[in-house]
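Novice: Build the 3D model from these lines:
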Amino acid sequence: MKITQAPNRSLWLDYDDEADVFYVHFEDHPASTHSEMTDEGILLGYRDETLVGLTILDASQREDNEIMR
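Specialist: Sure, this is the predicted structure:
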């Protein structure tokens, strides 16, 4: 997975244990205009060409290095 143009700022992290979804936001209130699902089950949220967040599905079922392949 290649991530391009991710902002160099703070991160906001949220985990929903009921849904087993981990959210990573590069802005306090990200507003994406489109998204892309990777083969690894990670949803990339973009506003135009800027990555504003990640949604990692089935987060607790993943191995430590699986996300960064």
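
Novice: How about the residue most central in space within the chain: what's its closest non-neighbour residue?
Specialist: In the chain, the residue lying closest to the centroid (Cα atoms, centre = their mean) is residue 54, at 0.9 Å. Nearest non-adjacent residue to residue 54, counting by Cβ to Cβ, 6 or more residues apart in numbering: residue 24, 4.3 Å away. (Glycine included, C-beta is placed from N, CA and C.)

Novice: which residues sit in contact with that neighbour?
Specialist: Applying Cβ atoms under 8 Å, 6 or more residues apart in numbering, we find residue 24 in contact with 11, 12, 13, 53, 54, 55, 56.

Novice: any idea which of these is closest to residue 40?
Specialist: residue 56 (8.6 Å; Cβ to Cβ).

Novice: picking that back up, the residue nearest to the centre of the chain bridge partners, please.
Specialist: residue 24, residue 44 (DSSP bridges).

Novice: re the thing from before, out of the contacts of residue 24, which is nearest to residue 33?
Specialist: Using Cβ to Cβ, those come closest to residue 33 at residue 53, 11.9 Å.

Novice: Hmm, the closest one is touching residue 45, no?
Specialist: Yes: between residue 53 and residue 45 a contact is recorded at 4.2 Å, counting by Cβ atoms under 8 Å.

Novice: so what sits against both of those two?
Specialist: 30, 32.

Novice: What is the burial count for the closest residue to residue 33 other than its chain neighbours?
Specialist: Nearest non-adjacent residue to residue 33, counting by Cβ to Cβ, 6+ apart: residue 47, 5.1 Å away. A count of neighbours around residue 47, defined by other Cβ atoms under 10 Å, yields 15.

Novice: what's the distance between residue 47 and residue 37?
Specialist: 17 Å (Cβ to Cβ, to the nearest Å).

Novice: Same check on residue 46?
Specialist: Residue 46 sits 12 Å away from residue 37, taking Cβ to Cβ as the criterion.

Novice: More neighbours: which of those two?
Specialist: residue 46 (17 against 11).

Novice: tell me which element that one is part of?
Specialist: strand 42-47 (DSSP states H and E).

Novice: What helices and strands are in contact with that strand?
Specialist: Secondary-structure packing of strand 42-47 (3 or more Cβ pairs under 8 Å, 6 or more residues apart in numbering; DSSP states H and E): strand 34-37, strand 50-56.
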